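Chemist: make a model of this:
(2 chains)
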Amino acid sequence: MNKVFARSLLGAALLGLAACNNATTKPETPTAEALSPVAFASTYQAPRHPPFVIRNVNLLVGNGQQMMQVDVAVSNGVITAVGENLNAPGQSIDGSGKWMTPGLIDVHSHMGVYPQPETRNHADGNEMTSPVTAEVWAEHSVWPQDPAFEKARAGGVTTVQILPGSANLFGGRSVTLKNIHSVTVQGMKFPDAPYGLKMACGENPKRVYGSKGQAPSTRMGNVAGFRKAWIDAQEYRDKWREYESNSEAGKEAKAPKRDLKLETLVGVLEGDILIQNHCYRADEMAQMIDIGKEFGYKIQAFHHAVEAYKVAPLLAQEGVCAVMWADWWGFKQEAFDMVRENIALVEYAKGCAVIHSDDPIQIQRLNQEIAKALAAGQAMGIDLDKADAIRWLTLNAAKAIGLDDKIGSVEAGKNADLVLWDRDPFSSFASPEEVWIDGAAVYQKGADNITADFNIGIIKPEENRP
Amino acid sequence: MKRLVIVAALLASSAAWTAEILIDNVTIYDGQRDPYVGDVHLRDGELIALGGDFTVSGAEVIDGRGKSVSAGFFNGYTYMGLVEVSAIEGTRDYSSESELFTASHRAVDAINPDSVAIPYNRALGLSRALVLPVNEKSIFAGQAAVVQMRADKVVLAEAVAQVVHLGQHGKKIAGGSRGNALQMFELALRETADYETNHAAIRRGEYRDLHFSLDDLEALRPVLSGRQQVIISVDRGSDIERVLDLVGKYKLRAILLGAQEAWRVADRLAAMQVPVIFDPINNLPMGYDSLGARLDAAALLESAGVQMMFFGMGFGAAPHNAAMVKQSAANAIAHGLTERGAIAALTTTPANVFGLNAGLSVGQPVDLVLWDGHPLEAMSLPERVFVAGTEFSLQHRASRLAERYYQAIRANHDK
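Modeler: As a prediction, this is how the structure comes out:
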């Protein structure tokens, strides 16, 4: 039983952060990173598959639209057409009476970095040794055999952003993964996905470091820590700029020594790395937005944005996504003012509303989480429907991790990440029948689905754990 | 929202007004039969009739088509009223480190009836919760209570069971081996038996030294005699087998808590009539004691004939989202549990196990929820809520905050 509570402390109190995206600024100067070969490059290759068409399916497109009884054609890993009575090659899959959504996206997961079983040897999500650890990368902690991945896949989740925890002001880089089975994390990495940088406001950093008798021990200490790090990053960027301009001018110049921490921070200043900011309280979100303005970067998303509804118009105006739970609350003071209408209110204020799990149980049924949030908004009187709500889990989520040009909606030209549901996915009794990533079937209900090594013979030698 | 405000205004007047309510053609989930359509007649919060086709002159008639009625739900593992903000130590009373007060501790003595979690969960259809303490220094945590979601009469049953934590928790406390935890449990039972037969000598101090305090032994007497139930937290299948050996040997009235691998011992649990309290949504191997966690566990236990109660979708026993136990139950249905079985686990089974009015009993004050759809669907919400015969408004702190900011955004929305 205590294990369950420990999960809560780990999951909710210590961890948490991801981001929404809009930064499109092109780097103006080469960064140190640009000078070195691509590190830990993705080795993911979309499997070849024959073309196919899902016919007569009720489609929640992901972009706010709903289409009844349409066909969706897939070829070479991409959606080639959506419409009625498509003339398209390949096997027909009968979608009559069923529903289709884009593959679901969880922008805030700790699968792999806090894998199952939740034992201490596995806890690799929080580098709690310094408040600024921008140099660590979540992908170096991901255990691809975490048995949670396949359960999320069975729930229709095709893309996940894996984040470091939230003990630190700067927790490190996130990594975006395709939710496929692979022996290496490189095999799961979403090709060309932008990196995120986890930042954390509020109670966690001040508690973790304050209890060690070091800074930060207050919220003002948190802000001082953020600003100091950005000042260091600016200085580092300027050194590299000077080196670049000298060497371009043919002058003798020595490249500065690489600093992994500052490289990541400069990546943010250059617009290449997206800020995914764990931040519960409305007033702190406003502070963080101002820090971004001071140093010239944009925040992609606030995660665990329990009080987003209090600053929803500000978030909409600044173009910052709010990544929220449907109803988590009460585990700490900064989560005390939760309202179940939070997501709907952010949407109502014309903001970018996103749902997240932060949890290996809830990631398996994010459709039910948006159902709760939709029902709460409707009960309050906000005019919303299922086609609106599915965006919180698809296109808006894709935007939050800078991938809305590739995933998040069922439209021609997009990656064929699809979920076929046995009924309306807003029902608690619905479940995916089939899940595709880049057109390849990765889950089929009732089939012998791929399982993590951990599950093999773990209870009985001749069986896999269910 | 308008609807809620009107209801709130009506209710604000008094809980003692006379009212006849007829809910017409509503789908009734009583936990005993499969769902069926019928009428529900209430007078002053008491159930007059259920399930037929009635006409009541002068009654408020509610069109129940498309809606449903169930008893208010029960969550079998909570710290309801024992914590306000989990991370704030000063608000936490569920966890004790006392070595002096273990089995004798009573959860009921610390319950805060004004917890904001009570009206919140009531508005989401929860009416009752089992409140269990935990002790970090002893396998005996003390006595569990049943609370109902109303501040004026929050305690429904003061000391319904003793709570014993075995498994990982007990192993750590008892010496390092889970075998030690079982030995500790049995030692307490033997000393309680000694206390029972040598009561006077022990009280005079003319008996050998005992490990457990007299207060704790006093508290364990009803457990040993079978007058009080004992809730035993344990997950691993083989641990459950050992616990059942002990339960049989001492003829205890046991209930298992956690019980992630109970499905592996289902037939024996059914034969010994030992109920289980568990979260049917857990399917991950969160620890090496729960490698067998699976989504169809509830279905497997149901077909074996085991009595079930649920908790779920919260952080362990944190009370804030205790009402979301219904989501765990819905997912159990999606994996093979019958609807009737799910509703029973949330209503009639806990009433039977703890000797309480089941909520929808003719001639009794109701614990009743009128839902705007299927009671277990994530999108369904309560429209009317009665707890122990009194109707309550659906307002709570969070709904007021939401309304406050909704109005602020709305004022500028179309500018």
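Chemist: going forward, measure contacts between C-alpha atoms and count neighbours the same way
Modeler: Will do.
Chemist: where exactly do the helices run in chain A?
Modeler: Using DSSP state H, the helices of chain A run over A:2-8, A:32-35, A:148-154, A:203-210, A:219-248, A:260-269, A:282-295, A:312-318, A:342-348, A:366-380, A:386-389, A:395-400.
Chemist: how about B:Leu210, nearest residue that isn't a chain neighbour?
Modeler: Closest residue to B:Leu210 apart from its sequence neighbours, by CA to CA, 6 or more residues apart in numbering or on different chains: B:Glu191 at 7.0 Å.
Chemist: can you read off the backbone torsions of that neighbour?
Modeler: phi -70, psi -30 (degrees, to the nearest 10).
Chemist: that one reaches B:Asp209, doesn't it?
Modeler: No. Applying CA atoms under 8 Å, one finds B:Glu191 not in contact with B:Asp209, separated by 10.1 Å.
Chemist: looking at the two, which one has more neighbours?
Modeler: The residue with more neighbours, out of B:Glu191 and B:Asp209, is B:Glu191; 20 against 9, by other CA atoms under 10 Å in any protein chain shown.
Chemist: measure the more buried one to B:Ser213 for me?
Modeler: 10 Å (CA to CA, to the nearest Å).
Chemist: which SS state does B:Tyr77 fall under?
Modeler: B:Tyr77 falls in the strand class when you classify it by DSSP: H, G, I helix; E, B strand; the rest coil.
Chemist: pull the number of nearby residues for it.
Modeler: 28.
Chemist: in contact with it: list those residues for me.
Modeler: B:Tyr77 is in contact with B:Ala129, B:Leu130, B:Val131, B:Leu132, B:Ile277, B:Phe310, B:Phe311, B:Gly316, B:Ala317, counting by CA atoms under 8 Å, 6 or more residues apart in numbering or on different chains.
Chemist: out of those residues, which is most surrounded?
Modeler: That'd be B:Phe311 among those, by other CA under 10 Å, with 31 neighbours.
Chemist: so it sits against B:Phe278, correct?
Modeler: Yes. Using CA under 8 Å, B:Phe311 is in contact with B:Phe278, at 5.8 Å.
Chemist: show me which residues of the stretch 251-400 of chain A sit near chain B.
Modeler: Residues of the stretch 251-400 of chain A lying close to chain B by CA under 8 Å from any CA of the partner chain are A:309-310, A:312-313, A:327-333, A:336-342, A:345, A:349, A:361, A:368-369, A:371-372, A:374-375, A:379-381.
Chemist: pull out the buried residues from those.
Modeler: A:309-310, A:312-313, A:327-333, A:336-342, A:345, A:349, A:361, A:368-369, A:371-372, A:374-375, A:379-380 (16 or more other CA atoms under 10 Å in any protein chain shown).
Chemist: report how many residues lie close to A:Lys293.
Modeler: Going by other CA under 10 Å, the residues that sit close to A:Lys293 add up to 12.
Chemist: quick check, B:Gln162 in a helix?
Modeler: No. B:Gln162: not assigned to a helix; according to three-state DSSP it is strand.
Chemist: and stretch A:274-291, what's buried?
Modeler: A:274-282, A:284-285, A:288-289, A:291.
Chemist: tell me which of the helices of chain A is the most buried.
Modeler: helix A:395-400 (a mean of 30; mean count of other CA atoms under 10 Å in any protein chain shown).
Chemist: check what pLDDT B:Ala8 gets.
Modeler: On the pLDDT scale, B:Ala8 is placed at 45.
Chemist: ok, A:Arg219 - contacts?
Modeler: So A:Arg219 contacts A:Cys201, A:Gly202, A:Glu203, A:Lys206 (CA under 8 Å, 6+ apart).
Chemist: spatially nearest residue to the second one, not counting backbone neighbours?
Modeler: This means A:Gly202. A:Arg219 (6.0 Å).
Chemist: swap in the last one?
Modeler: Leaving aside its sequence neighbours, A:Lys206 sits nearest to A:Ser217 (CA to CA, 6+ apart; 4.2 Å).
Chemist: doesn't A:Asn204 make contact with that neighbour?
Modeler: No. Contact criterion CA under 8 Å: A:Ser217 and A:Asn204 do not qualify, at 9.7 Å.
Chemist: quick check: A:Gly322 touching A:Ala308?
Modeler: Check again: residue A:322 is Ala, not Gly. Yes. Using CA under 8 Å, A:Ala322 is in contact with A:Ala308, at 6.5 Å.
Chemist: now do the shared contacts for the two.
Modeler: Common neighbours of A:Ala322 and A:Ala308 (CA under 8 Å, 6+ apart) are A:Leu315, A:Val346.
Chemist: the two: which is more packed in?
Modeler: A count of neighbours by other CA under 10 Å puts A:Ala322 above the other of A:Ala322 and A:Ala308, at 38 against 31.
Chemist: now for the closest residue to A:Val160 other than its chain neighbours: which residues touch it?
Modeler: Leaving aside its sequence neighbours, A:Val160 sits nearest to A:Asp106 (CA to CA, 6+ apart; 4.9 Å). Contacts of A:Asp106 were listed using CA under 8 Å, 6+ apart, and they are A:Val157, A:Thr159, A:Val160, A:Gln161, A:Ile355, A:His356, A:Ser357, A:Ile363, A:Leu393, A:Ala397.
Chemist: what of B:Ile333?
Modeler: Here B:Ile333 is in contact with A:Phe429, B:Ala299, B:Glu339, B:Ala342 (criterion: CA under 8 Å, 6+ apart).
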